[in-house]
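Student: predicted model and sequence follow; I will ask about them next.
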Amino acid sequence: MSKGDVLKPKAERWYQSKRFKRFRRNPLAIAGVMILIFFATLAILAPALTADRMGRACLRDLHLGRTEAVTVLRNPLSGAFWRASFAPPKSCYHIPRKGYSPRPKAPSKKYPLGLASGGYDIYYGIVWGARTAFYIGILVVGIVLIIAITVGGLAGLFGGWLDNVLMRLVDIVYSIPSLVLAMVFASIFGRGLAKTMVAIALVAWPIYARMLRGNILLVKSQDYISAAHAVGTGNARLFFKHILPNSIGSVIILASLDIGAIVITASTLAFLGLGADVGYADWGQMISFARSWISNPGGEPLKYWFVWFWPSMAIALFVLGWNLLGDAVRDALDPRS
Amino acid sequence: MLNYIIRRALQIPLVLFVLSLIIVGLMQLLSPQQRAAAFITSDKQIEHLDQIIEKYHLDEGFIVQYKLWAKEVLHGNLGFSRISKEPVTATVRKKLPASTELALSAFIPIVLMGIWLGTLAATHRDGLLDQVLRVVAIIGWSLPTFVVAIWLVAWVYGGLGWFGIGRLPNSLLIDLATGNFHPHTGMFTIDGILNGRLDVTWAALVRLVLPATALVIVVSAGIMRVMRSSMLDELGKDYVRTARAKGLPEGRVVYKHARRNALIPVITMAGPMLGRMIGGIVVIELIFNFPGLGEWAAKAALQLDMNTLLAFVLLIGLIMATVNLLVDIAYVVVDPRIRYE
């Protein structure tokens, strides 16, 4: 018998932990995960699901003919399937149009969710919009974390007046309703998906910077940091090797659970006309296409329900999925419960 | 305490200063021509763009421009709003009452709903009602305001034909403009009473129902959850056990003893709640055709009307800072154990 077997207790895997068990037994958490899996499937399989209705530019950039696309993109054994699923050309995010009529068209066999005002295919927009939603959420969280690490890290590490100034900045940005500030930033930056994402990130970072700063202060007071310092570890190494890894975990988890809130802000900006370019597959923008067909158009109430119903359901469910998951994770992480 | 209040109040101008620095700073990303657009009031002036740029030093550095802007603001001139075609301050005076009226009409139901449902959830802890309310709260929290607003417009106004959108019916607006109706407060519900025109009050109230409901749906969930957890905290305390032990009826224990103390943490929600309301009002006003500050700002954002946006953000900053200060004061008033240095 080797020495290790005697001394080491069996390591507990993460899925064996009490926290995970509590999470797994929470029906709301499971519901949230299911909703997100549904949207993730839509997002990943978007090219296959919409192969029969892709726009001309998208097919060109995929180097596929119209009939060829349907067979190739729906065949998981083909290289094109994987290329299109994981790195589709940008042009595929633009919703193809069938005619330019301002009047929406009711669902039909070819267009199961109908055509929005301007001939935009609603089904295509919903499917590719799922991709956009994940894309926005993940990228914005990334930018937010970079800002939060910079600001929170500087404040927590150096303290003093720098800490004071940065935390006052946090207070100020945090005190303004995020939509209001994001709206102003997006207006200055101009239209475009990337610009909108920067605008949202510039508003969403304060709470995480503050959280990280708090964690850093806590870690800094631990003995092992003093020990590392005593053996002559440099400041940069101390920060990146010892302090940051031990203080960022919960910040990353909580920030990524915020994707729901980020998608709310993003879709609201898009609805206001401050989002991606016109015609981009984005749920918020699809609702803004529906603007003039919502209340009693032409004396026939709810005749054009499909133009606003599907995109609004998509946003609501997507955010609900994140919030159900987030609620359960927060519960599981809460030391009081 | 007084010291603390004065110090906090003195910080408010600082907050506004930093906010204006951020936004004027970001405006440097725009070209001088784009910034000059703020000064244009008629098509003819477009030809004189270069003169405008020179006159207002729009091609100079950030510090020069910030100084010029600040000088005007300190003289009470917040600039000209391109959207409303009048000075910014005049529009704010006209539109603030509309938004205030909407916010106030939603505020009371939000607070009452939040407190009532939060108490219910706490007293039925882990029971069916608690679970249902929890799901309802998460759903409410997950719905974007504009989605709720659109559902209400489509189903209740469009489908059922109930209530209405806008502030007043057009016929009534024309009637008021021609008659001798004195806008004392700018809020139609109150002005109607003051002028003895109860039909105006009624019409205004009817049109407030849907936008206020949209706000209640998206905002009250947050209060409910805070109320629930603070109520649970209180119910677990010794004085509650004592009250029960001496034989007080459960209703008295919950409502007279525990709930009063549980309300204290809810006061801190006033700031975040107001923030959520303001964000909601921007979108709701736009969808319900409600001519208030939010609708004005949303349109300004689309047209890059920087004077309007800057004024709007500063106004919101002022409101938020003031409310946060009031919350801190209220905290001490309701709970004498808290002291500020």
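Tutor: Cool, the structure landed. Treat the numbers as computed from the prediction; the structure is a model and nothing was measured. Residues are numbered from 1 along each chain as shown, chains lettered A, B, ... in the order given.

Student: where are the low-confidence patches of the chain?
Tutor: Because you didn't say which chain, this covers chain A. Across chain A, the stretches falling below the confidence threshold (pLDDT under 70) are A:1-10, A:296-299, A:335-337.

Student: not what I meant, chain B
Tutor: Regions of chain B meeting the criterion pLDDT under 70 cover residues B:38, B:41, B:341.

Student: hmm, try it at 80
Tutor: Along chain B, segments meeting pLDDT under 80 span B:1, B:33-52, B:54-59, B:179-180, B:336-341.

Student: what residue of it is the furthest out?
Tutor: No residue in chain B sits farther from the centre than B:Lys246, which is 45.1 Å out by CA atoms, centre = their mean.

Student: give the other helices and strands that the helix or strand harbouring B:Val332 contacts.
Tutor: Per DSSP states H and E, B:Val332 falls inside helix B:306-334. Contact analysis of helix B:306-334 by 3 or more CB pairs under 8 Å, 6 or more residues apart in numbering or on different chains; DSSP states H and E lists helix A:160-175, helix A:178-189, helix B:2-27, strand B:80-81, helix B:88-123, helix B:259-267, helix B:270-287, helix B:293-302 as its packing neighbours. Every residue, glycine included, has its C-beta placed from N, CA and C.

Student: related to what we said a few turns ago, quick one, phi psi at the residue farthest from the centre of chain B?
Tutor: Here the main-chain torsion angles of B:Lys246 (degrees, to the nearest 10) amount to phi -80, psi 10.

Student: what's the distance between it and B:Val240?
Tutor: For B:Lys246, the distance to B:Val240 equals 11 Å [CB to CB, to the nearest Å].

Student: circling back to that earlier point, pull the contacting residues for the residue farthest from the centre of chain B.
Tutor: With contact taken as CB atoms under 8 Å, 6 or more residues apart in numbering or on different chains, B:Lys246 is in contact with no other residue.

Student: how near is it to B:Ala262?
Tutor: Plainly put, B:Lys246 is 20 Å away from B:Ala262 if you go by CB to CB.

Student: near chain A, which residues of the stretch 51-200 of chain B?
Tutor: Taking CB under 8 Å from any CB of the partner chain as the measure of proximity, the stretch 51-200 of chain B contacts chain A at B:134-135, B:138-139, B:141-147, B:150-151, B:153-155, B:157-159, B:161, B:165.

Student: verify the stated contact: A:Arg66 with A:Arg60.
Tutor: No. Counting by CB atoms under 8 Å, A:Arg60 is not a contact partner of A:Arg66; they are 10.6 Å apart.

Student: middle-most residue in the chain, spatially?
Tutor: I went with chain A, as the question did not name one. By CA atoms, centre = their mean, the mean C-alpha position of chain A lies nearest to A:Gly137, the distance being 1.6 Å.

Student: was after chain B, sorry
Tutor: The structure's chain B has its C-alpha centroid closest to B:Ile278; by CA atoms, centre = their mean the separation is 3.0 Å.

Student: show me the helices in the stretch 1-150 of chain A, by range?
Tutor: Along the stretch 1-150 of chain A, the segments classed as helices by DSSP state H, counting those that start in this stretch run A:3-7, A:18-24, A:27-44, A:46-49, A:56-62, A:66-73, A:79-86, A:122-158.

Student: closest one to B:Val333 among those?
Tutor: Comparison of the helices of the stretch 1-150 of chain A against B:Val333 by CB to CB identifies helix A:122-158 as nearest, at 32.5 Å.

Student: residue in chain B with the shortest distance to chain A?
Tutor: Among the residues of chain B, B:Gly279 lies closest to chain A, at 3.6 Å counting by CB to the nearest CB.

Student: pull the contacting residues for that residue.
Tutor: B:Gly279 makes contacts with A:177-180, A:268, B:145, as judged by CB under 8 Å, 6+ apart.

Student: go again with 7 Å.
Tutor: Neighbouring residues of B:Gly279 by CB atoms under 7 Å, 6 or more residues apart in numbering or on different chains: A:177-180.

Student: got a markdown table for those, with distance to chain B and neighbour count too?
Tutor: Written out in a markdown table, the entries for these read as follows (distance: CB to the nearest CB, whole Å; neighbours: other CB atoms under 10 Å in any protein chain shown):
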| residue | distance to chain B | neighbour count |
| --- | --- | --- |
| A:Pro177 | 4 | 24 |
| A:Ser178 | 7 | 23 |
| A:Leu179 | 4 | 27 |
| A:Val180 | 5 | 26 |
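
Student: report the two of the residues you listed separated the most.
Tutor: Using CB to CB, those span at most 7.3 Å, a distance reached by A:Ser178 and A:Val180.

Student: count the residues that sit near the nearest residue to A:Ala281 once chain neighbours are set aside.
Tutor: Nearest non-adjacent residue to A:Ala281, counting by CB to CB, 6 or more residues apart in numbering or on different chains: A:Trp128, 3.5 Å away. As a burial measure, the neighbour count of A:Trp128 was computed by other CB atoms under 10 Å in any protein chain shown and equals 28.

Student: repeat that for A:Gly125.
Tutor: Counted by other CB under 10 Å, the residues lying close to A:Gly125 total 29.

Student: ditto for the one 5 residues further on
Tutor: Neighbours of A:Ala130 under the rule other CB under 10 Å: 24.

Student: same deal with the one 3 residues further on?
Tutor: Neighbours of A:Ala133 under the rule other CB under 10 Å: 28.

Student: ok, it to A:Val198 distance?
Tutor: The gap separating A:Ala133 from A:Val198 is 17 Å, by CB to CB.

Student: again with A:Phe39
Tutor: Distance, A:Phe39 to A:Val198, using CB to CB: 24 Å.

Student: how about A:Ala51?
Tutor: 33 Å.

Student: neighbours of A:Leu217, how many?
Tutor: Counted with other CB under 10 Å, the neighbours of A:Leu217 add up to 16.

Student: kindly apply the preceding question to A:Arg60 instead.
Tutor: By the criterion of other CB under 10 Å, A:Arg60 has 13 neighbours.

Student: just A:Ala106 next, same as before
Tutor: A count of nearby residues for A:Ala106, using other CB under 10 Å, gives 12.

Student: ok, now the one 4 residues further on?
Tutor: In terms of burial, A:Lys110 registers 11 neighbours under the definition other CB under 10 Å.

Student: now do A:Lys303
Tutor: For A:Lys303, the count of nearby residues is 15 (other CB under 10 Å).

Student: quick one: secondary structure of it?
Tutor: State at A:Lys303, reduced to three classes by DSSP: H, G, I helix; E, B strand; the rest coil: coil.

Student: pretty sure A:Ser78 is touching A:Val72, no?
Tutor: Yes. Contact status for A:Ser78 versus A:Val72: in contact at 5.0 Å, counting by CB atoms under 7 Å.

Student: one step back: quick one: which of A:Phe39 and A:Val198 has more around it?
Tutor: Neighbour count, other CB under 10 Å: between A:Phe39 and A:Val198, A:Phe39 has more, with 20 against 16.

Student: so who does the closest residue to that one other than its chain neighbours touch?
Tutor: Distances taken as CB to CB, 6+ apart place A:Ala130 nearest to A:Phe39, at 4.8 Å, with adjacent residues excluded. Contacts were defined as CB under 7 Å, 6+ apart; by that measure A:Ala130 touches A:39, A:42-43, A:46.

Student: again with B:Met273
Tutor: Taking CB under 7 Å, 6+ apart as the criterion, B:Met273 is in contact with B:219, B:222-223.

Student: let's see that with 10 Å instead.
Tutor: Contact analysis of B:Met273 by CB atoms under 10 Å, 6 or more residues apart in numbering or on different chains lists B:107, B:110-111, B:114, B:219-220, B:222-223, B:226, B:266, B:323.

Student: spit out the residues that contact A:Ser78 and A:Val72 alike.
Tutor: Contact criterion CB under 10 Å, 6+ apart; residues shared by A:Ser78 and A:Val72: A:Ala84.

Student: more neighbours: the two, which one.
Tutor: Shown here are A:Ser78 and A:Val72; by other CB under 10 Å, A:Val72 has more neighbours (20 against 13).

Student: and the gap between that one and A:Arg60?
Tutor: When CB to CB is applied, the distance between A:Val72 and A:Arg60 equals 15 Å.
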